[in-house]
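Participant: please find the sequence and the predicted model below.
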Amino acid sequence: MTTVRSRIFRWLMTYYLLGGFAPIPVTNLLAQAPQFEAYGLAEGLSQEYVNALVKDRRGFLWIGTQDGLNRFDGYTFKHYRRHKKDPHGLPGNFINALALDSLGRIWVGTKNHGLAYGDPLTERFHRVVIEGLAANAHCNQLTVDPDGTVYAAFLSEGIVKISPRGDSLHRERLNFAATATPNITTLQAFPDFLLAGSREGALYYADRRLAKPEFQRLAPDFAGQKIHAFAAFRELVLIGTDAGVFYWRPGTPRVQKLRGLRLNGAYVYEMATDEEAAYFATDAGLFYASDFNGQDGFDRVRHYTSDGQSGLQSNLITQLLLEAETLWLGGNRLYYHDRRPPVFKSIASPLVANRVVYSLVVDGDRPWVGTGAGLLLVRGERVYAYG
């Protein structure tokens, strides 16, 4: 999985030999593109189409695929699938959505097999029965609010609010005012409100501070363009759709197009943000936007595709999990990127002083360095000279 090219890159990022050993441009340091490690069937993933990602309290990554749930410890994958004779197994293998609640439980939304939650410690799952909802309901979205309440969207059957009460769960179906229950495609809990988007491009708002929130349709209409995702960025709410990215300022009636992205018609499936930038998962690759202008867009955008430079093996990216030091992507593979800045470390050795470097190659974990005064082998912080 790790190529010679990526090993050279990593070695260069770790060791910078002073005294005449200058850093070498290896294809311009891979064109400064982030390098993604790809995981698929060969690396142990149960199925390669990644529908959902979540991290548990112990740091395990849980991956929902079209054929089972995977737990990844950084080295190996453990698979969880439905077994008819196991009352504590998954209700279904096609995983649509995952969420982590305030008690550390993993919630699992499945296609045509309803909703369940599991304890990561015991690895036992429990089906959630909801009155009036068929056992084969299609649970396609999950979100958890700051109070620990779980909201589950069922494609054509509405939204259910699930509140932990001691050892039990209180279940309540939420209403949509003055409209039939829409086909919900995305759902997100914010500190004071809930937003839901539909397959038809309708946007719904509910004040979650109310005892029984009721969804009201907001004025903006995306003209039949499917709404895929919401994300908070500073004082804005970003809205990812089939027609690009829009923004809404809570408390105002207007929704406007986010400027500067140059998506060229790409569908926006997922978004992740920090204080300074935003990531957009699309069917045309990954977009990274920074230098927000303070009003309505970004001044700097980078686009990463499966062009052989970034490590992406497909342009289809549907999932994002952004952490302080890492970025996980899902699509036709699982991808990992280390966001930490490169660290340069000097190696103190008289053998490297005043030498001009002409070439470098890595054999396994052994960097060989060609200089104007002979060949060097670097092992840890020791240097061996040949010739």
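Facilitator: Noted; the coordinates are in hand. Numbers count the residues shown, from 1 in each chain.
Participant: wait, what's in contact with residue 104?
Facilitator: Contacts here follow C-beta atoms under 8 Å, 6 or more residues apart in numbering; on that basis residue 104 touches 56, 57, 119, 120. Yep, even glycine has a C-beta here, placed from its N, CA and C like the rest.
Participant: then residue 208?
Facilitator: Counting by C-beta under 8 Å, 6+ apart, residue 208 has contacts 145, 149, 189, 190, 192, 193, 194.
Participant: got it, and residue 284?
Facilitator: Counted by C-beta under 8 Å, 6+ apart, residue 284 has contacts 263, 264, 265, 266, 303, 305, 315.
Participant: keep only those of the contacts of residue 208 that are in strands.
Facilitator: Under the assignment DSSP state E, the contacts of residue 208 contribute 189, 193, 194 to strands.
Participant: distance of residue 359 relative to residue 123?
Facilitator: From residue 359 across to residue 123, the span is 51 Å (C-beta to C-beta, to the nearest Å).
Participant: please disregard the earlier target; I meant residue 217.
Facilitator: Distance from residue 217 to residue 123, counting by C-beta to C-beta: 41 Å.
Participant: who has more neighbours out of those two?
Facilitator: Using other C-beta atoms under 10 Å, the more surrounded residue of residue 217 and residue 123 is residue 217, with 17 against 13.
Participant: show me the beta-bridge partners of the more buried one.
Facilitator: Beta-bridge partners of residue 217, counted by DSSP bridges, are residue 204.
Participant: so it sits against residue 202, correct?
Facilitator: Yes: assessed by C-beta atoms under 8 Å, residue 217 is found in contact with residue 202 at 6.0 Å.
Participant: strands of the stretch 1-150 of the chain, start to end?
Facilitator: Using DSSP state E, counting those that start in this stretch, the strands of the stretch 1-150 of the chain run over residues 37-39, 50-55, 61-65, 68-72, 77-80, 95-100, 106-110, 115-119, 124-128, 139-144, 150-154.
Participant: quick check: which of the ones you listed is nearest to residue 171?
Facilitator: Ranking the strands of the stretch 1-150 of the chain by proximity to residue 171 (C-beta to C-beta) places strand 124-128 first, at 7.4 Å.
Participant: what does that closest one rub up against?
Facilitator: Residues contacting strand 124-128 (C-beta under 8 Å, 6+ apart): 80, 88-91, 108, 114-118, 152, 162, 169, 171.
Participant: tell me, how many residues neighbour residue 199?
Facilitator: 18.
Participant: make that residue 97, sorry
Facilitator: Neighbours of residue 97 (other C-beta under 10 Å): 22.
Participant: how about the contacts made by it?
Facilitator: For residue 97, the contact set (C-beta under 8 Å, 6+ apart) comprises 51, 52, 64, 107, 108, 109, 139, 140, 141, 142.
Participant: now residue 65
Facilitator: Applying C-beta under 8 Å, 6+ apart to residue 65 gives the contacts 45, 46, 47, 48, 49, 50, 51, 95.
Participant: could you rerun that using 6 Å?
Facilitator: By C-beta atoms under 6 Å, 6 or more residues apart in numbering, the contact set of residue 65 is 46, 47, 49, 50.
Participant: chain neighbours aside, what residue packs nearest to residue 79?
Facilitator: Counting by C-beta to C-beta, 6 or more residues apart in numbering, residue 46 is the residue found nearest to residue 79 once chain neighbours are left out, at 4.6 Å.
Participant: just the helices in the chain please.
Facilitator: 4-14, 27-31 (DSSP state H).
Participant: for the last one, what is the average pLDDT?
Facilitator: Mean per-residue pLDDT for helix 27-31: 32.
Participant: just stretch 250-269 next, same as before
Facilitator: Mean predicted lDDT for stretch 250-269 stands at 91.
Participant: in it, which residues are buried?
Facilitator: For stretch 250-269, burial by neighbour count (16 or more other C-beta atoms under 10 Å) applies to 255, 258, 261, 263, 266, 267, 268, 269.
Participant: so who does the first one touch?
Facilitator: Residues touching residue 255, when contacts are defined by C-beta under 6 Å, 6+ apart, comprise 220, 246, 248.
Participant: can you check the third one too?
Facilitator: Residue 261 makes contact with 245, 301 under the criterion C-beta under 6 Å, 6+ apart.
Participant: break this structure down into its domains, please.
Facilitator: Domain segmentation of the chain under automatic domain parsing yields 1-31+346-387, 32-338.
Participant: low-scoring stretches of this protein, by residue?
Facilitator: For the chain, residues meeting the criterion pLDDT under 70 lie at 1-33, 178-179, 221, 342-348, 354.
Participant: ok, back up a step: now render the strands of the stretch 1-150 of the chain as JSON lines, adding distance to residue 241.
Facilitator: Output for those, formatted as JSON lines (distance: least, C-beta to C-beta, whole Å):
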{"stretch": "strand 37-39", "distance to residue 241": "28"}
{"stretch": "strand 50-55", "distance to residue 241": "19"}
{"stretch": "strand 61-65", "distance to residue 241": "23"}
{"stretch": "strand 68-72", "distance to residue 241": "28"}
{"stretch": "strand 77-80", "distance to residue 241": "33"}
{"stretch": "strand 95-100", "distance to residue 241": "19"}
{"stretch": "strand 106-110", "distance to residue 241": "21"}
{"stretch": "strand 115-119", "distance to residue 241": "26"}
{"stretch": "strand 124-128", "distance to residue 241": "30"}
{"stretch": "strand 139-144", "distance to residue 241": "15"}
{"stretch": "strand 150-154", "distance to residue 241": "17"}
